[in-house]
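**Student:** I would like the atomic coordinates for the input below:
(2 chains)
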Amino acid sequence: GQQVMQIPQYQHVQEGEDFTTYCNSSTTLSNIQWYKQRPGGHPVFLIQLVKSGEVKKQKRLTFQFGEAKKNSSLHITATQTTDVGTYFCAESGGSYIPTFGRGTSLIVHP
Amino acid sequence: DGGITQSPKYLFRKEGQNVTLSCEQNLNHDAMYWYRQDPGQGLRLIYYSQIVNDFQKGDIAEGYSVSREKKESFPLTVTSAQKNPTAFYLCASSVPGKGGYTFGSGTRLTVV
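**Tutor:** Residues are numbered from 1 along each chain as shown, chains lettered A, B, ... in the order given. The predicted structure follows:
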């Protein structure tokens, strides 16, 4: 799999504030997947983006795939305490072996 | 309900001992994977298998071994050769090329 860099590593927000995490690659990505891992839990698949410029929404979560397919973002509107966890991006490539970013840990202060 | 079962949830091992972590899936997925996660770290691939009786080394295979005798099962053995085995081990499965990966709930291994 390709190298995917994820930033920031940590993000503290007040409940109600927005949050964004970014996933970047120096080369073109075949696809991008996003996962959420709650503290003490395991990663759970959220979504996959495949097309250039693709935007998908899940309630307060918005996922974007860049036009050049070299970056992606996950944006959460009006965070809640239930959003706490680590968000990972991953790319599986032609070999279908996923490469994960190091994740962004979201801490929401009530 | 279909899913992946990892056991045990917590495991303690003495230095010098081998230990085997279980991973069973009933999703009929062809591919299975083992990842290691250390605190504050991402997921590092240990081994993967895309078909029964075949498996490949990942990025950090040294000190680990696997087998894939059945489609449903992909056990991981942490050998005494693994220098820093204390970690959270995650098993995953997928249908290659079709959507995301399903993870088990993990095994926390501690070497005492």
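**Student:** so who does the residue most central in space within chain B touch?
**Tutor:** In chain B, the residue lying closest to the centroid (CA atoms, centre = their mean) is residue B:34, at 3.1 Å. Counting by CB atoms under 8 Å, 6 or more residues apart in numbering or on different chains, residue B:34 touches B:23, B:45-48, B:58, B:64, B:66, B:74, B:76, B:89-92. For every residue, glycine as well, the C-beta is placed using N, CA and C.
**Student:** Quick check: which element contains the closest residue to chain A within chain B?
**Tutor:** Nearest to chain A, among the residues of chain B, is residue B:100, at 3.1 Å (CB to the nearest CB). Here residue B:100, judged by DSSP states H and E, is contained in strand B:98-103.
**Student:** Measure how far that strand is from the centre of its chain, please.
**Tutor:** Offset of strand B:98-103 from its chain centre (CA atoms, centre = their mean, to the nearest Å): 15 Å.
**Student:** Repeat that for stretch B:30-38.
**Tutor:** 5 Å.
**Student:** coming back round to it: what helix or strand does the residue nearest to the centre of chain B sit in?
**Tutor:** Residue-wise, residue B:34 maps onto strand B:31-37 under DSSP H and E.
**Student:** tell me the mean pLDDT over that strand?
**Tutor:** What strand B:31-37 shows for mean pLDDT is 96.
**Student:** which element follows it toward the C-terminus?
**Tutor:** strand B:43-51.
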